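>>> Quick one: sequence and predicted model below, then my questions.
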Amino acid sequence: MKSLTEKQKNILEFIEEFLDREGMAPTVYEIADNFQIKTSTVFAHLRALQKKKQLSRSSKARSISLMSRARGSRTMPNCALAIPLLGRVNAGLPSESIEFKEGEVCISNTMLGEHTPEQMFALRVQGESMRDLGIYDGDIVICGQGASKPRPGDIVVALVQGEVTVKSYFPKTGGRIELRPANPDFSVQVYPIADVTIQGKVVGLHRKY
């Protein structure tokens, strides 16, 4: 980085740390907020870093990619598949439906199981209702969609009356589904089967320490 200014080095380091911590690139606004500078100044630094072949980006949000990682300087042998990170899922009360892509998460092929790569996606957890099963606020759950019906006790991503939540799945008699939290501070919810769509089954977890 001999040709970089001190501020450019600091911005690169911030982007790298953000990627490691959050699993996605920061926005221009998040960079500006971290350094207490104007967004126009951030854009100028990013353009300079692009010219110096330190990063690439597009007009889309969170599209910054570090060229050092693209060249493989920090790749991991078990990082074989990039899957979409689709926003946040509530591990508490149901939250609004997830419709947008925040970034990508890299996983091992061993996490596919019965799923195809196209059926895999990731969600960032918000809330503590699955705490006693080791799923905490800020964790990223790795999910597979549609390979088979969930079994009793599976952790699922469920669409409930237009809202999304992550809970343990238990089918009940009389055409009902129980969505069970793993935290005594939260109550069990039982819904008519017609009100619940299982969007995916949780097959793994990513956590940044």
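That came through, no problem. Residues are numbered from 1 along each chain as shown.
>>> any idea of the pLDDT on R47?
The per-residue pLDDT reported for R47 equals 91.
>>> May I see the buried residues of the helix or strand hosting it?
Per DSSP states H and E: R47 is located in helix 39-51. By 16 or more other CB atoms under 10 Å, the buried positions in helix 39-51 come out as 42, 45-46, 48-49. All C-beta spots, glycine's among them, are computed from the backbone N, C-alpha and C.
>>> mind listing the strands for the protein?
Here the chain has its strands, by DSSP state E, at 55-56, 65-66, 81-90, 95-96, 103-107, 120-126, 140-144, 155-160, 163-172, 176-180, 189-192, 196-206.
>>> Please tabulate these in a markdown table, including the columns mean pLDDT, mean neighbour count and distance to P26.
Shown next, in a markdown table, are those (pLDDT from 0 to 100; neighbours: other CB atoms under 10 Å; distance: least, CB to CB, whole Å):
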| stretch | mean pLDDT | mean neighbour count | distance to P26 |
| --- | --- | --- | --- |
| strand 55-56 | 86 | 17 | 12 |
| strand 65-66 | 82 | 16 | 12 |
| strand 81-90 | 78 | 19 | 14 |
| strand 95-96 | 54 | 14 | 23 |
| strand 103-107 | 80 | 20 | 10 |
| strand 120-126 | 88 | 23 | 15 |
| strand 140-144 | 90 | 23 | 16 |
| strand 155-160 | 92 | 21 | 26 |
| strand 163-172 | 93 | 20 | 24 |
| strand 176-180 | 96 | 18 | 33 |
| strand 189-192 | 94 | 14 | 35 |
| strand 196-206 | 89 | 20 | 18 |
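>>> Let's have these in a markdown table, adding distance to L133.
Output for the strands of the chain, formatted as a markdown table (distance: least, CB to CB, whole Å):
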| stretch | distance to L133 |
| --- | --- |
| strand 55-56 | 38 |
| strand 65-66 | 34 |
| strand 81-90 | 14 |
| strand 95-96 | 18 |
| strand 103-107 | 20 |
| strand 120-126 | 11 |
| strand 140-144 | 11 |
| strand 155-160 | 7 |
| strand 163-172 | 7 |
| strand 176-180 | 10 |
| strand 189-192 | 16 |
| strand 196-206 | 9 |
